[in-house]
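**Student:** Okay, sequence plus prediction incoming.
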Amino acid sequence: MSSASPSRSPVSDRYGSAAAAAGKKRRLTPGDIELHPNEPALVVHYTISDSPDEPPIPAQKVIHIKSLTPTTDLPSLAAEIAAKCKLIHPSKVGRVVGLLQSLLARGSAGRLAPGGGSLSSSGNSGGGGSTSSIRGSLNSINCGGSNVNLGPGTRIPPSSSSRASGSTSPNAAPPPASSRRPSRASVSSSATNLAASFAADAVWEGDASPDSDEPARLEDLEGYIELLYEDLPTTIRSTRQILKLAVNHEHLESLAGNESLLSALARTLREDTRKSMELGAAILGTFHQFALCPQFRGVLTSNKVGDMCVKQIDYEIKRLAVLREPLAALRDPAAPATAETRKAVGVLARQDAVLYSAISILLQLAEDPAIQAKMVKRGITGSLLALVDRPTVTQHSAAVVQLMVQFLVVLTQFRENVEAIRAQPEAVGTLVPLVQHPSMPLVNDVLRVFLNLSHDHEWRNEMMRMGLVAHLVDVLHRDDETSPELLLLLYQISCDERSKAIFTYTDALPQVMKLILKYPRDHVSVELMTLAINLAVNEHNAEVFAENGGLKFLVKRLVLTRDYLLLKMLRNMSAHAALHLAFLDHIDDLMALFVASTSRDVHVEVLGLLANLRVPDMDYAKLAAAYNLVPYIAARLAAVRAEDTLALPGTTAVMPKASPDDDLALEVVQLVATLALDDAMGEPLAAAGIPSLLLGLMRAREDDDEMVLQMLVAFHALLHVPATRAQLLPDLSPGTDLGDDAFHSIPDGVLVAFLIDLLYDRNPQIRAACDRCLDAICDLAVAGEPDPQVVEWARRIRIEKFHFHNAEWISLVSGHAGAGAVSGVNAEGVCEDEDEESSRADQALAHAEALDHDDGNEHHAAEMFGHVKLVYA
């Protein structure tokens with residue numbers, strides 16, 4: 001069995017000895033447990049309190065795991081650790097097991113001996129000590145998901161703080177998938193020692209310095225600065241020692257106060273880093289420690305470290321261009337290993353340390369919007385995208401790629417940056433293969449980048465051109481627990497009507513149905529349901545959802561959970577005529593939900609669903625009687641009052657005041673239009689006064705275009721039902737004249753007055769619906785045995801429509817008859833004899849009808865009135 005040896009930290013020993021010497025009783029308070037960032041060990045945090053009046057002193061205990069193999073009984077080992085360490089409560093054994101599993105996964109990547117041999121390491125809890133190095137050789141690396149054989153003897157830098165996928169270490173794991181946008185704070189905390197370990201643990205060509213593990217001392221800082229001006233090997237050793245000091249953040253204040261140190265490091269980085277990648281990695285790793293602390297970032301900007309990082313990244317891109325052919329061979333699993341291939345692998349491995357520190361420094365500095373804008377102008381976005389497809393040779397390479405993607409997430413949060421990269425969509429296309437990367441944290445970061453871009457319509461079209469949807473669907477099938485970022489991105493893409501049809505030809509729809517039906521909680525997640533609601537708008541998608549009993553299972557889940565969003569999805573599906581008959585089998589379940597629920601939202605969706613089911617042979621009268629729908633409709637229409645208005649500030653105008661009853665009233669109006677398809681509903685609707693209530697609602701909400709449009713549809717349906725038509729078209733004696741102001745001259749409750757007024761509405765859809773209603777009245781006057789009342793209304797409508805369409809012609813006729821004088825108009829411009837004016841219009845109509853039958857006079861009229869054309873109603 002693997003063994004573990006606990007060791008107390010220097011902080012703990014120092015304060016513990018002092019307390020024991022004073023004879024005081026100490027109080028130890030256990031804290032969090034985590035993996036050691038550099039060694040195969042567990043770190044137990046706790047605090048020491050000597051007295052209630054004194055602040056607690058933080059301390060930690062390091063438990064070294066001497067050997068760990070895949071066959072180790074992890075629960076037994078965790079129990080043994082908890083038994084030996086009094087700071088670990090037995091209830092935390094499960095936490096210890098998880099950390100051991102992460103340590104084992106990290107060990108399988110090169111940190112622990114797979115054969116079960118012990119791994120020696122030295123831990124320094126106080127910081128500033130040496131970092132252990134593991135030197136060896138590997139025979140193969142992972143490049144783009146395939147193993148490349150490098151042959152024996154090839155040396156590449158192994159990982160000292162692995163980023164293997166699946167790790168649950170709090171210090172090593174990337175941000176959780178549930179976070180909507182990457183937190184720079186979480187990036188900083190997880191990368192505290194990673195850049196330093198990149199530089200300290202790498203195996204560099206020609207590195208045989210015996211003092212690589214020599215501890216660094218702050219009192220020797222001036223000597224380290226002097227060594228920066230010596231030859232290259234001496235400068236490298238000096239920068240290593242300075243890096244060891246910077247890793248302990250307690251030393252940063254002293255280091256930042258030494259101006260000669262910072263200027264010397266900046267000079268060396270600017271002038272000598274191209275001579276040695278190891279030197280650049282050590283200096284950038286030191287600056288990276290300063291970048292992790294916001295109070296020291298001003299030191300970096302004053303020394304122009306950000307500018308040098310951008311130049312270093314550009315130089316590394318040029319270095320990759322030189323290695324184009326060996327890198328191409330690395331991507332080909334069948335290509336044999338050559339000397340150039342091995343050299344390229346070494347360059348990539350050393351480049352990881354340089355790139356990670358440089359990119360991380362820029363990421364921290366980008367918290368300042370002004371600095372971020374300068375980076376974008378310098379083309380940092382294009383540089384990051386150019387490095388995304390680097391071959392992955394070590395675990396460090398994966399961490400570098402993830403850091404670059406996290407930087408892109410930050411940059412794409414701003415519209416200006418999104419527009420800046422619009423000119424290079426091919427570069428963004430390099431992120432598409434990463435969507436299917438085995439590391440889910442990296443996949444989630446890539447999804448966040450595309451999610452930020454998806455708010456732009458042109459980028460959504462570009463994603464469809466890249467074939468991103470197919471990759472996203474593959475990720476959707478990877479696991480039953482999908483990330484919110486994936487669902488939100490699919491939702492964004494599905495917002496465009498054209499893109500909804502693309503989902504029909506993928507496997508996304510069955511998987512979405514599976515996720516909905518197997519969701520563990522009552523209410524399905526908002527991200528998943530919004531995607532399903534969007535997709536259900538497309539008729540073919542809705543049919544796929546409903547096939548193989550899908551509609552039955554959705555209704556069954558709705559009845560059990562009463563999920564409002566699921567009901568909304570069903571309503572969108574009901575809008576398609578091909579599914580109307582299928583919904584009739586579930587009407588009783590839906591109406592039972594309607595009756596039992598007191599939620600206004602549920603009532604809105606159920607009524608909207610019923611309004612969509614316009615089946616000609618359906619017995620709506622029986623449905624309305626069974627569930628008492630007509631009184632409910634009357635009550636909802638009466639609830640909207642005309643006095644519910646809101647005055648506009650600074651004007652005398654008023655507008656309808658938003659009311660919770662308006663949404664419900666709108667669905668009720670649509671339901672009335674559907675119920676009117678059944679002639680048997682005429683008497684119940686007329687008896688409840690539904691036509692009069694609709695006219696009152698029209699008066700109260702005449703400024704609401706959507707409400708007016710739906711009421712016109714309802715009026716068109718009610719006009720074909722004799723019982724309701726009588727209330728909409730009351731008796732009109734032949735001698736009654738509508739006049740020019742039809743809306744105010746007709747008594748309240750007359751539909752035609754509203755229709756004539758709406759002929760002048762600015763909304764073309766309302767004007768078209770109004771024309772259909774007026775034409776329906778005229779058609780009823782000539783169909784079968786017309787009602788004399790309807791005939792009279794049709795005649796008056798033709799006159800009014802003639803006035804509407806030929807207002808210019810009538811004005812010219814009136815002016816020509818008066819020879820320049822406008823008769824019947826007083827000094828105030830008001831017509832004194834409306835009957836005479838109306839009679840003159842009727843004469844014009846009669847004259848026009850006469851012209852219509854005389855070809856010669858028709859040509860004469862055209863010459864007289866020029867471009868004016870006659871339109872006959």
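**Tutor:** That came in fine, so what should we check first?
**Student:** Could you use CA atoms for every contact and neighbour count after this?
**Tutor:** Fine.
**Student:** R725 belongs to a helix, doesn't it?
**Tutor:** Yes: read with DSSP: H, G, I helix; E, B strand; the rest coil, R725 is one of the residues of a helix.
**Student:** So what's the residue count around it?
**Tutor:** A count of nearby residues for R725, using other C-alpha atoms under 10 Å, gives 21.
**Student:** Also D332?
**Tutor:** Around D332 there are 14 other residues, counting by other C-alpha under 10 Å.
**Student:** SS state for it?
**Tutor:** Put simply, D332 is coil when judged by three-state DSSP.
**Student:** Who's the closest spatial neighbour of the residue most central in space within the chain, skipping the chain neighbours?
**Tutor:** Central residue of the chain (C-alpha atoms, centre = their mean): L488, 4.2 Å from the mean position. Leaving aside its sequence neighbours, L488 sits nearest to E527 (C-alpha to C-alpha, 6 or more residues apart in numbering; 5.8 Å).
**Student:** quick one: contacts for that neighbour?
**Tutor:** Neighbour list for E527: P484, L487, L488, Y491 [criterion: C-alpha atoms under 8 Å, 6 or more residues apart in numbering].
**Student:** will you turn these into TSV that also has secondary structure and pLDDT?
**Tutor:** Shown next, in TSV, are the contacts of E527 (DSSP: H, G, I helix; E, B strand; the rest coil; pLDDT from 0 to 100):
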residue	secondary structure	pLDDT
P484	helix	90
L487	helix	93
L488	helix	94
Y491	helix	94
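**Student:** quick one, strands of this protein?
**Tutor:** Here the chain has its strands, by DSSP state E, at 4-8, 27-35, 41-49, 57-65, 140-143, 146-149, 645-647, 654-656.
**Student:** still on that earlier bit, of the contacts of E527, closest to L584?
**Tutor:** Nearest to L584 among those is Y491, at 29.5 Å by C-alpha to C-alpha.
**Student:** Now do the closest residue to the closest one other than its chain neighbours against D563, distance only.
**Tutor:** With C-alpha to C-alpha, 6+ apart as the measure, L531 is the residue that lies nearest to Y491, at 4.7 Å, once sequence neighbours are left out. Distance, L531 to D563, using C-alpha to C-alpha, to the nearest Å: 15 Å.
**Student:** What of L77?
**Tutor:** Look at L77 and D563: by C-alpha to C-alpha, they are 46 Å apart.
**Student:** Please say which of the two ends up with more neighbours.
**Tutor:** Neighbours per residue (other C-alpha under 10 Å) separate L77 from D563, with L77 holding more: 21 against 15.
**Student:** check contacts around A673.
**Tutor:** The contact partners of A673, by C-alpha under 8 Å, 6+ apart, come to A611, V713, A714, F715, A717, L718.
**Student:** For L675, which residues are in contact?
**Tutor:** Each residue near L675 by C-alpha under 8 Å, 6+ apart is listed here: Y620, A621, M681.
**Student:** Which among the residues you listed count as buried?
**Tutor:** Y620, A621, M681 (16 or more other C-alpha atoms under 10 Å).
**Student:** So which of those residues are in helices?
**Tutor:** Among the buried ones among the contacts of L675, the ones falling in helices (DSSP state H) are Y620, A621.
**Student:** Kindly reformat the buried ones among the contacts of L675 as TSV containing pLDDT and distance to V410.
**Tutor:** As requested, these are arranged in TSV below (pLDDT from 0 to 100; distance: C-alpha to C-alpha, whole Å):
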residue	pLDDT	distance to V410
Y620	93	56
A621	93	59
M681	93	60
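**Student:** H471: which of the buried ones among the contacts of L675 is nearest?
**Tutor:** Using C-alpha to C-alpha, Y620 is the member of these that sits closest to H471, with 46.7 Å.
**Student:** Is it correct that that closest one is in contact with D679?
**Tutor:** No: counting by C-alpha atoms under 8 Å, Y620 stays clear of D679, with 9.3 Å between them.
**Student:** Where does pLDDT dip in the stretch 601-750 of the chain?
**Tutor:** The stretch 601-750 of the chain contains residues with pLDDT under 70 at 641-660, 731-749.
**Student:** where along it do the helices fall?
**Tutor:** For the stretch 601-750 of the chain, the helices defined by DSSP state H, counting those that start in this stretch occupy 620-626, 629-639, 660-675, 682-687, 690-700, 705-718, 722-728, 742-745.
**Student:** Dump those to JSON lines, plus distance to A794.
**Tutor:** Converted to JSON lines, the helices of the stretch 601-750 of the chain look like this (distance: least, C-alpha to C-alpha, whole Å):
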{"stretch": "helix 620-626", "distance to A794": "30"}
{"stretch": "helix 629-639", "distance to A794": "29"}
{"stretch": "helix 660-675", "distance to A794": "22"}
{"stretch": "helix 682-687", "distance to A794": "22"}
{"stretch": "helix 690-700", "distance to A794": "19"}
{"stretch": "helix 705-718", "distance to A794": "15"}
{"stretch": "helix 722-728", "distance to A794": "13"}
{"stretch": "helix 742-745", "distance to A794": "14"}
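**Student:** For V606, which of those helices is the nearest?
**Tutor:** V606 lies closest to helix 660-675 among the helices of the stretch 601-750 of the chain, at 9.0 Å (C-alpha to C-alpha).
**Student:** Name the residues of that closest one that are buried.
**Tutor:** Result for helix 660-675 [16+ other C-alpha under 10 Å]: buried residues 661-675.
**Student:** And those, which is closest to A626?
**Tutor:** A626 lies nearest to L675 out of the buried residues of helix 660-675, by C-alpha to C-alpha, at 13.8 Å.
**Student:** ranking the contacts of A673 by neighbours, who comes first?
**Tutor:** Highest neighbour count within the contacts of A673, by other C-alpha under 10 Å: L718, with 29 neighbours.
**Student:** what sits against it?
**Tutor:** Going by C-alpha under 8 Å, 6+ apart, L718 touches A673, A676, G682, P691, T724, R725.
**Student:** could you redo the last one with a cut-off of 10 Å?
**Tutor:** When contacts are counted by C-alpha atoms under 10 Å, 6 or more residues apart in numbering, L718 touches 672-677, 679, 681-682, 685-686, 690-691, 712, 724-728.
**Student:** Done for today, thanks.
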